[in-house]
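[1] Kindly generate the corresponding structure for this input.
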Amino acid sequence: MAMTLGLREMKKERTRTDIVRVAMDLFARNGFDEVTVDQIAAEAEVSHRTFYRYFATKEELVLGPLQQALDDVSDAFTRRPRTEPVIVSIREAVLGLAANYEDSLDRDLQRAAVFRATPSLQARQNERRAAFEGVMIPLIADRLDVDPNLDLRPALIAGCAVAAMRVATTQWLLGDGSEPLLPIVEQALSMLAPAFDGVA
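    Next up is the predicted model:
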């Protein structure tokens, strides 16, 4: 039974990987906006329904699943000690995601190239940053035991953290991924620590 489940999971992962590989190649050749889900499915030799079992949208192929990322950061943050400075907790939570982002450098750089060439994806990324802030603000407010509608610190900290991650990722991509991403993200988030020194 365990072996059957293991083989099933391996097959699912291969299918997911094949869909991403095919999609990225199509995006690189034809442009993101010109490629349809039907074309990706046909090229990957899967059904339209199978595609949507793995990816909710075409954008998810490039940007990743938003809700999963939000859940991961939220869970990682809430597991940190409540006595720890907020910015340290955010840094540790984000570094876990950054480690996953760096797992496949070639594919990540390919995604970045598609992203830079597609204004619609850049707009979606801005929405995702806003969603990240929206998730983090109440978590930070709870940690600080303040009302985020009356105290600007939760929104300010969340906004600065998002900006630091954006700058770090941009810096990493400018170097074509030649340097590890993790230390750059850590450096950017650590630079915020003095600004919020004393914020529990």
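[2] Following element in sequence after the element among helices and strands of the chain having the smallest mean pLDDT, please.
    Lowest by mean pLDDT, DSSP states H and E among the helices and strands of the chain is helix 105-116, with a mean of 79. Counting by DSSP states H and E, the next helix or strand C-terminal to helix 105-116 is helix 119-144.
[3] which parts of that following helix are buried?
    Going by neighbour count (16 or more other Cβ atoms under 10 Å), the buried part of helix 119-144 is 121, 124-125, 128-129, 132-133, 135-137, 139-141, 143-144. For the C-beta atoms, the positions are set from N, CA and C on the backbone; glycine is no exception.
[4] and the residue nearest in space to the middle of the chain, what helix or strand is that in?
    Taking Cα atoms, centre = their mean as the criterion, A69 is the residue nearest the geometric centre of the chain, at 5.5 Å. In this assignment (DSSP H and E), A69 forms part of helix 66-79.
[5] how about the helix or strand just after that helix as PDB, C-alpha atoms only?
    Per DSSP H and E, the first helix or strand lying C-terminal to helix 66-79 is helix 86-101. Provided in PDB are the C-alpha atoms of helix 86-101 (Å, rounded to 0.1, in the frame of the first residue of the first chain):
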ATOM      1  CA  VAL A  86       8.700  40.700  15.100                       C
ATOM      2  CA  ILE A  87      11.200  41.400  12.300                       C
ATOM      3  CA  VAL A  88      13.200  38.400  13.400                       C
ATOM      4  CA  SER A  89      10.100  36.200  13.200                       C
ATOM      5  CA  ILE A  90       9.300  37.500   9.700                       C
ATOM      6  CA  ARG A  91      12.900  37.000   8.600                       C
ATOM      7  CA  GLU A  92      12.900  33.400   9.700                       C
ATOM      8  CA  ALA A  93       9.500  32.700   8.100                       C
ATOM      9  CA  VAL A  94      10.500  34.200   4.800                       C
ATOM     10  CA  LEU A  95      13.900  32.500   4.700                       C
ATOM     11  CA  GLY A  96      12.100  29.200   4.600                       C
ATOM     12  CA  LEU A  97      10.300  30.200   1.500                       C
ATOM     13  CA  ALA A  98      13.400  31.700  -0.100                       C
ATOM     14  CA  ALA A  99      15.100  28.300   0.300                       C
ATOM     15  CA  ASN A 100      12.400  26.700  -1.700                       C
ATOM     16  CA  TYR A 101      12.600  29.400  -4.300                       C
END
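[6] tell me what helix 86-101 is packed against?
    helix 66-79, helix 119-144, helix 153-174, helix 181-190 (3 or more Cβ pairs under 8 Å, 6 or more residues apart in numbering; DSSP states H and E).
[7] who touches S74 in this structure?
    By Cβ atoms under 8 Å, 6 or more residues apart in numbering, S74 lies in contact with 135-136, 139.
[8] Would you confirm that I137 contacts R153?
    No. Counting by Cβ atoms under 8 Å, I137 does not reach R153; the two are 9.8 Å apart.
[9] ok, so of the buried residues of helix 119-144, who is nearest F27?
    L121 (9.7 Å; Cβ to Cβ).
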